[in-house]
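Undergrad: Here is a sequence together with a model predicted from it:
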Amino acid sequence: MKIKVITGSLMIALALWALAPAVSLAEQASVAGDPDAKCLKCHSKKLKKKLEDGEKMSLQVMAADFEESVHSVIGCTGCHRDVGKSKHPSKKPISSRRDYSIVQNETCSQCHASKAKAYDGSIHASLAGNGNVDAPLCSDCHQTHAVKPMAVYQPVTGEPCKACHEEIFDAYAQSVHGLARANGNVIRDDHIQAPICADCHSAHDVNAVAAVDHLQSTCLDCHDGASVAHEQWLPNAKMHMTSVSCAACHSPVAERRIDLQLYDNLEQVPVGTNEDHPEIQDRLVEIDESDDGLDPLELWKLVRLSTNEGKATNVTLRGRMEVTRGVDAHRLAPRADAVRSCDTCHQGNSEAFQNVTVSISSPDGQKQRFEADSEVLNSAISVDSVGGFYAPGGTRIKLLDGLLALAIFGGLAVPIGHITLGKILRKKKNTEQ
């Protein structure tokens, strides 16, 4: 009878143990001797460290978050290799939370070398290197101790880009791309997946799409039939697609401008993408002494000086119509709502042609824009400056339009006159006979 009671009690105990919640790493410390559990036994509490800038940085790590992290397999010392029994708690001062994160970026690169290399060439790294405290580091996008596998991310929520680019993501979410993504990721009948942030900007080597030589190339990666489709109805489609950004037509409510980018035809790169950027910037500021926007003469001087600076260069201006705000570039409408009226741009008082900028590119690909007088698109002084993208009626330079008309008329007049004169002479000869 006593044996039966003991056996029954044991069965009840085993049943209760099976139904009990899983024991956390921190609670297992004294049992399993797990070094991570030993760390978490203290760090699961609300520990804080005072930094040199006066801020108190939390050292708390939630055991449940760490257990679900992809880094749980390498353990605490996999990243914190400088922590040891004789060195802990560390007395080493930390100047600020930001400085500590920058140091930890280097730790990430020890395992993720290729991703770190891609990040180093990104606009985010450039901003961070220039002291921008808001530029994201590894832990800003991937968290610190709760790093999740890529499969659990839900890009349609905007994570992690929305944390910094909320206004842009909200515009994207209401665009033809965002709505398609939210409704099954299909934007056309052939089931092409609607793009999310990283599809256009990349994940780690993030760069502004505006820094691309021809903006529409990013769009054509998915819309490979767009060029042919535009040729069916758009006059001179090739020039339009080169000099007009996709968003300028496909974001119909956007404000537009004409941007004149200094471009080196010999190097085939935008001016300023190398170490000459500060020099070009200083020259531009010096030319526009009054800081009231470049006038036609000042723009002419800028192009001439950039070309004759003592080395082999051939600088011209490459014009492009684009939207003025990055938010509007993401607010793309359905194809049926795109701008199709020629009068939107090709009229004397077109709003876009009243808003003109001159831009140079920094080494990280960002454009730095300077205001210009809209007369640079009308003045005869600008003939040499804007010749690189001249189109009849497109640059508003009436002198060029007149000269072109004269050249066409003159070219046609010679053969027509020759034929007409020949007929008159033959008729006269026949009459005399």
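TA: In hand now; what should we look at? Residues are numbered from 1 along each chain as shown.
Undergrad: neighbours of residue 378, just the number please.
TA: When neighbours are counted by other C-beta atoms under 10 Å, residue 378 registers 17. All C-beta spots, glycine's among them, are computed from the backbone N, C-alpha and C.
Undergrad: Could I get the average pLDDT for the lengthiest helix in the chain?
TA: Scanning the chain for the longest helix, with DSSP state H as the assignment, gives helix 398-432. Helix 398-432 carries an average pLDDT of 72.
Undergrad: next one: stretch 172-191
TA: 76.
Undergrad: Can you tell me how far residue 63 is from residue 428?
TA: For residue 63, the distance to residue 428 equals 109 Å [C-beta to C-beta, to the nearest Å].
Undergrad: Relative to the whole chain's centre, how far out is stretch 66-86?
TA: Stretch 66-86 sits 34 Å away from the centroid of its parent chain (C-alpha atoms, centre = their mean, to the nearest Å).
Undergrad: For it, which residues meet the burial criterion?
TA: For stretch 66-86, burial by neighbour count (16 or more other C-beta atoms under 10 Å) applies to 66, 69, 71-72, 76, 79.
Undergrad: Dump these to JSON lines, plus secondary structure, pLDDT and distance to residue 408.
TA: Shown next, in JSON lines, are the buried residues of stretch 66-86 (DSSP: H, G, I helix; E, B strand; the rest coil; pLDDT from 0 to 100; distance: C-beta to C-beta, whole Å):
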{"residue": "66", "secondary structure": "helix", "pLDDT": "90", "distance to residue 408": "75"}
{"residue": "69", "secondary structure": "coil", "pLDDT": "91", "distance to residue 408": "70"}
{"residue": "71", "secondary structure": "helix", "pLDDT": "91", "distance to residue 408": "70"}
{"residue": "72", "secondary structure": "helix", "pLDDT": "90", "distance to residue 408": "74"}
{"residue": "76", "secondary structure": "helix", "pLDDT": "89", "distance to residue 408": "77"}
{"residue": "79", "secondary structure": "helix", "pLDDT": "89", "distance to residue 408": "71"}
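Undergrad: Put together JSON lines for the residues you listed, with distance to residue 406 on each row.
TA: Output for these, formatted as JSON lines (distance: C-beta to C-beta, whole Å):
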{"residue": "66", "distance to residue 406": "77"}
{"residue": "69", "distance to residue 406": "73"}
{"residue": "71", "distance to residue 406": "73"}
{"residue": "72", "distance to residue 406": "77"}
{"residue": "76", "distance to residue 406": "79"}
{"residue": "79", "distance to residue 406": "73"}
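Undergrad: Closest one of those residues to residue 170?
TA: Nearest to residue 170 out of the buried residues of stretch 66-86 is residue 69 (C-beta to C-beta; 29.5 Å).
Undergrad: so how far is residue 142 from that closest one?
TA: Applying C-beta to C-beta to residue 69 and residue 142 gives a distance of 10 Å.
Undergrad: What of residue 242?
TA: Per C-beta to C-beta, residue 242 is found 38 Å from residue 142.
Undergrad: okay, these two: which has more neighbours?
TA: residue 142 (19 against 15).
Undergrad: Model confidence score at the more buried one, please.
TA: Here the pLDDT value assigned to residue 142 is 88.
Undergrad: all helices for the stretch 251-400 of the chain, in order.
TA: 277-287, 296-307, 326-329, 398-432 (DSSP state H, counting those that start in this stretch).
Undergrad: Which other helices and strands does the first one contact?
TA: Put plainly, it is helix 277-287. Identification of packing neighbours for helix 277-287 by 3 or more C-beta pairs under 8 Å, 6 or more residues apart in numbering; DSSP states H and E yields helix 296-307, strand 356-361.
Undergrad: so how far is that helix off the chain centroid?
TA: The chain centre lies 25 Å from the centre of helix 277-287; the measure is C-alpha atoms, centre = their mean.
Undergrad: Can you tell me what sits against it?
TA: 262, 271-272, 291, 294, 298, 301-302, 305-306, 358, 360-363, 368, 370 (C-beta atoms under 8 Å, 6 or more residues apart in numbering).
Undergrad: May I see the PyMOL selection of the buried members of the residues you listed?
TA: A single PyMOL command selects the buried members of those (16+ other C-beta under 10 Å):
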select buried, resi 262+271+272+294+298+301+302+306+358+360+361+362+370
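Undergrad: Find the residues that touch each one of residue 69 and residue 142.
TA: With C-beta under 8 Å, 6+ apart, residue 69 and residue 142 have common neighbours residue 148.
Undergrad: hang on, the earlier thing: same drill for residue 63 and residue 428, tell me which one is more crowded.
TA: Neighbour count, other C-beta under 10 Å: between residue 63 and residue 428, residue 63 has more, with 21 against 10.
Undergrad: okay, that one: pLDDT?
TA: So residue 63 comes in at 90 (pLDDT).
Undergrad: swap in residue 7?
TA: Residue 7 is assigned 42 on the pLDDT scale.
Undergrad: ok, now which ones touch the residue nearest the centre of the chain?
TA: In the chain, the centroid-proximal residue (C-alpha atoms, centre = their mean) is residue 208; its distance is 2.1 Å. By C-beta under 8 Å, 6+ apart, the contact set of residue 208 is 123, 201, 365-367.
Undergrad: where do the helices sit along the stretch 101-250 of the chain?
TA: 113-120, 123-129, 138-142, 166-173, 176-182, 197-201, 216-220, 226-231, 237-243, 246-250.
Undergrad: okay, those helices, which one's buried deepest?
TA: Ranked by mean neighbour count under mean count of other C-beta atoms under 10 Å, the helices of the stretch 101-250 of the chain are led by helix 246-250, which reaches a mean of 23.
Undergrad: same for that one, what does it pack against?
TA: Looks like helix 246-250 contacts strand 315-323 (3+ C-beta pairs under 8 Å, 6+ apart).
Undergrad: Report the mean per-residue pLDDT for the strand it packs on.
TA: On average, strand 315-323 scores 86.
Undergrad: again, but for stretch 250-269
TA: Across stretch 250-269, the average pLDDT comes to 88.
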